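> Structure for the following, please:
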Amino acid sequence: MVGVEFACLKDAARRQRHIFLEPLRLIAHLTAMRIATNLDAKPEGNQPQACSQKLALMSCTVLRADHVDLTNVGAFSLNQDITHEFADIAVKKIGYAKRNPLGFFILTMMAGAYVGVGIVLILTLGNEADPASQKLIMGSLFGITLTLIVFAGAELFSGHIMYMTFGFFYGKFGVLTVIKDWIVCWYGNLFGAMMLSFLVVAGNGSGWVGDDASLVHQVAELKMNSPVVELIARAIICNWLICLAIWMSARTKSDTTKCLLIFWCLFAFVAAGFEHGIANMTVFTISLLGNHPASVTVTGGIYNLAWVSVGNIIGGAGFIGVAYYLTANPLFGANSGEGDDAR
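Predicted structure coming up:
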């Protein structure tokens with residue numbers, strides 16, 4: 001009895017699969033035949049005609065296979081397209097930096113300042129928030145940083161980590177070019193963050209900069225005195241999420257969708273307390289310029305930024321750059337360009 005029921009269920013599933021695939025088969029077959037007709041209309045010897053016949057035959061053969069995994073093939077193709085797109089973006093960024101180094105450095109400073117705007121916003125509201133809802137409020141507002149960078153245009157160290165990784169693996173430039181780019185971006189972001197911090201302190205930062213018990217000093221003290229392993233681990237996850245926001249934004253043309261994707265990724269990293277080196281630059285500068293406790297020091301800031309930057313590089317280059325490069329370029333298989341190898 002069980003065997004009969006199982007056979008019936010299997011039969012029903014097979015019928016449903018045929019119903020779903022039949023329109024796809026028809027569309028693909030008609031498309032292939034149309035291409036074949038166009039190729040045959042302008043023959044140049046026997047090659048185009050043979051090509052058209054093979055194309056039509058191949059399309060019918062593929063569509064007859066009920067087990068074709070359209071989702072995997074699509075993901076493979078899309079990942080491959082985006083990795084190449086990001087590698088090309090990296091080349092353009094390097095080219096722009098060579099043509100206009102001052103303009104490029106200004107854009108890196110803008111990125112540091114835009115991140116600082118988000119930090120000042122969440123510290124201002126978080127300072128007055130109830131501890132039970134503090135992380136929720138701060139996390140829900142920090143998305144302004146990457147939104148400004150993406151839509152206004154600026155060069156953030158965190159994103160450059162990912163872009164340059166793709167450019168390097170596709171052989172667009174060497175490792176020294178990557179390192180030079182990262183150094184310039186890092187220092188540009190630092191100067192931008194410091195510039196904004198000076199302005200905030202000069203404006204008395206909504207009244208909380210001079211308070212030795214304010215949230216900015218508590219956050220700075222905690223970050224400067226955290227163990228190395230914790231800092232690196234939190235920094236890896238942080239830039240993993242930031243680069244993931246940029247990666248997912250490239251998969252859609254809708255500005256509304258991009259804003260939502262940025263919001264969720266940055267909400268996760270702020271609310272969970274992960275470490276972003278560029279964001280920390282503003283926190284430390286404001287705290288050091290304000291009425292900070294003795295445990296908040298320049299040495300502590302350097303200690304944090306050094307290890308957090310290492311973690312951010314691992315997260316952006318390894319968990320996004322290398323990982324997605326491998327999804328688009330399999331190490332094993334006869335032909336790394338075929339979608340079937342990406343399964």
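> Quick check, central residue of this protein?
Nearest to the centroid of the C-alpha atoms of the chain, with distances taken as CA atoms, centre = their mean, sits Cys243, at 2.2 Å.
> So what does that residue look like in phi/psi?
The phi/psi pair for Cys243 (degrees, to the nearest 10) reads phi -70, psi -30.
> wait, doesn't it sit right on Ile314?
No. With contact taken as CB atoms under 8 Å, Cys243 and Ile314 are classed as non-touching, separated by 11.3 Å. In short, each C-beta sits where N, CA and C put it, glycine included.
> Would you mind measuring from the closest residue in space to Ser206 that isn't next to it in sequence to Gly174?
Once its chain neighbours are removed from consideration, Ser206 has its nearest residue in Thr124; the separation is 4.9 Å (CB to CB, 6 or more residues apart in numbering). Applying CB to CB, to the nearest Å, one obtains 44 Å for the distance of Thr124 from Gly174.
> Tell me the buried residues in the helix or strand harbouring the residue nearest to Ser206?
Thr124 belongs to helix 101-128 when elements are defined using DSSP states H and E. Of the residues in helix 101-128, those scored as buried under the neighbour-count criterion (16 or more other CB atoms under 10 Å) are 104-116, 118-120, 122-127.
> how much distance is there from that helix to the middle of the chain?
Computed by CA atoms, centre = their mean, to the nearest Å, the chain-centroid distance of helix 101-128 equals 19 Å.
> Skip ahead from it and say which helix or strand is next.
Heading C-terminal from helix 101-128 (DSSP H and E), you reach helix 134-141.
> what comes up buried for the next helix or strand after that next one?
Scanning the chain past helix 134-141 towards its C-terminal end, the next helix or strand to appear is helix 144-148 (assignment: DSSP H and E). Applying a neighbour-count criterion of 16+ other CB under 10 Å, the buried positions in helix 144-148 are 144-148.
> where are the low-confidence patches of the stretch 51-200 of the chain?
Low-confidence regions of the stretch 51-200 of the chain, defined by pLDDT under 70, span residues 51-76.
> Dump the buried residues of helix 144-148 to TSV, plus distance to Asn291.
Listed next are those as TSV, based on distance: CB to CB, whole Å:
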residue	distance to Asn291
Ile144	27
Thr145	26
Leu146	31
Thr147	32
Leu148	29
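> rewinding a little: in contact with the residue nearest to Ser206, which residues?
Neighbour list for Thr124: 205-206, 208 [criterion: CB atoms under 8 Å, 6 or more residues apart in numbering].
> Between these, which sits nearest Tyr325?
Of all the contacts of Thr124, Tyr325 sits closest to Gly205, with 42.3 Å by CB to CB.
> What is the burial count for that closest one?
The criterion is other CB atoms under 10 Å. On that basis, Gly205 has 22 neighbouring residues.
> Quick check: pLDDT value at it.
Confidence per residue is given as pLDDT, and for Gly205 that number is 76.
> pretty sure it is touching Ser287, no?
No. The criterion here is CB under 8 Å, and Gly205 misses it with Ser287 at 10.6 Å.
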